[in-house]
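Participant: Sequence and predicted structure are below.
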Amino acid sequence: MSTAKETRRLGVPDLRARKGGEPIVSLTAYTTPTAKLLDPHVDLMLVGDSLGMVVYGFDSTLPVTLDMMIAHGAAVVRGTRRACVVVDLPFASYQESPQQAFRAAARVMAETGAQAVKLEGGVEMAESVAFLTARGIPVLGHVGLMPQSVNTLGGYKAVGRDAAAAERVRADARAIADAGAFAMVVEGTMESLARTITEEVPVPTIGIGGSPACDGQVLVTDDLLGLFSDFTPKFVKRYAAVGQTISEAAAAYAAEVRSRTFPGPEHCFGMKKPG
Ligand code: KIV
C-alpha cells in the first residue's frame, strides 16, 4: 500500500506491476505549484496536451507544440518527487513515422526528465510504440476517445457504441499492449467495453470515462477543481469549486481597492526608526 510519506519516485515498472492490484491514481498537472500540491497524492502525474484547452484557451489540443509540452513537462518534473511523470506527445509530433515519434519522444525524455511519454492511437500506432519501447522510451498508450482525432471522430463523443466500433477499440488496446505499452488510458468508452479491455490486456488500464473496473483512473485536475468550466464531460466529478473561490477573492480585492481599504497600514513600509 503506498502512502503520502513515500518519497521514492515511482517508476514505470511500479505502475506496470499494479495490474489487477492497487488502483493507479492519476491527475494532470501543467505547472510546478500544482505538481507540488498533487505529488503526495497521485501515482502518475500526466502532463496532458489538454493544457492547450485548459491553460491556453485553444478550441482543441491540435495547436499544442512539442516545445510547449517540453516546457510544461520540465516544470512538472521540478515539482514532483514521488509521482511517475508522463508527458503527452502533441499532435503532428509523432504520427508520421516511428522515427519522427522517436525524435519527439527523445527530446521529451532528455529535456524534461519525465519517466515516459503518452501517445494516442491503436493498431496504426503499434509499430511506433514498439519502436520507442525497444529504444528505451516507455510508452503510455491512449485508446477509445482520442482528442487529437476530434476532426475524424466528429466531436468529443463516447466511442465504441456499436459492435463494430467496440471491436475496433478492443483491437487497438490489444495492439498497443502487444507492442509494449506499459499501460494505457481508456477514454470515453462504454463501461462494458472498458471492463472487457481491462480483462483482456496484460497491462494496466487507466480510465477516464471508462469503468470502475479499470486498473486506475485519471481526471483533468482543472475539471476536478471546478477551475475549467467551458465544457464539463459526463465523466467528471467536481471535488471543489476553486473557480468560484478565485472569483470571490478577486471581487473582494477589487471592492477593497475601490473603497481604499486595501492596502491597510499593515501592508505599508514605514521609515527605519533612528538609532
Ligand atoms: O491530455 C490529457 O490531459 C489526457 C487525459 C485527459 C487522459 O490525455
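Facilitator: Yep, that arrived.
Participant: ok, the residue of the chain at minimum distance from the ligand to Val257 distance?
Facilitator: Taking CB to the nearest ligand atom, the ligand has its nearest neighbour within the chain at Gly48, 2.1 Å off. Where you see a C-beta, it was placed from the backbone N, CA and C, and this is true even at glycine. Gly48 sits 36 Å away from Val257, going by CB to CB, to the nearest Å.
Participant: Ok, Tyr156 next?
Facilitator: 40 Å.
Participant: what about those two, which has more around it?
Facilitator: Tyr156 (15 against 11; other CB atoms under 10 Å).
Participant: quick one: contacts for that one?
Facilitator: With contact set as CB atoms under 8 Å, 6 or more residues apart in numbering, Tyr156 has these partners: Leu145, Pro147, Val150, Gly188, Phe231, Pro233.
Participant: So Val186: helix, strand or coil?
Facilitator: Of the three states, Val186 takes strand under DSSP: H, G, I helix; E, B strand; the rest coil.
Participant: okay, it: pLDDT?
Facilitator: Here, the pLDDT recorded for Val186 equals 98.
Participant: same deal with Lys272?
Facilitator: 86.
Participant: quick one: secondary structure of it?
Facilitator: Secondary structure, three-state DSSP: Lys272 is coil.
Participant: ok, it to Ala130 distance?
Facilitator: Taking CB to CB, one finds Lys272 at 69 Å from Ala130.
Participant: contacting residues around the helix or strand of the chain with the lowest mean pLDDT?
Facilitator: Sorting the helices and strands of the chain by mean pLDDT, DSSP states H and E puts helix 150-153 at the bottom, at a mean of 94. Helix 150-153 is contacted from outside by Ser60, Thr61, Leu62, Leu145, Met146, Tyr156, Val159, using CB under 8 Å, 6+ apart.
Participant: Buried subset of those residues as a ChimeraX selection?
Facilitator: To isolate the buried subset of the contacts of helix 150-153 in ChimeraX, counting by 16 or more other CB atoms under 10 Å, use the following:
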select :61,62,145,146,159
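Participant: give me every residue that touches the spatially closest residue to Gly20 that is not a sequence neighbour.
Facilitator: Spatial nearest neighbour of Gly20, excluding adjacent residues (CB to CB, 6 or more residues apart in numbering): Asp215 at 6.7 Å. Counting by CB under 8 Å, 6+ apart, Asp215 makes contact with Arg18, Lys19, Gly20, Gly21, Pro23, Ile24, Ala183, Thr198, Pro204, Thr205, Ile206.
Participant: what would the residues you listed look like in a markdown table with neighbour count and pLDDT?
Facilitator: Formatted as a markdown table, the contacts of Asp215 follow (neighbours: other CB atoms under 10 Å; pLDDT from 0 to 100):
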| residue | neighbour count | pLDDT |
| --- | --- | --- |
| Arg18 | 20 | 98 |
| Lys19 | 17 | 98 |
| Gly20 | 10 | 98 |
| Gly21 | 9 | 98 |
| Pro23 | 15 | 98 |
| Ile24 | 25 | 98 |
| Ala183 | 29 | 99 |
| Thr198 | 24 | 98 |
| Pro204 | 24 | 98 |
| Thr205 | 29 | 98 |
| Ile206 | 31 | 98 |
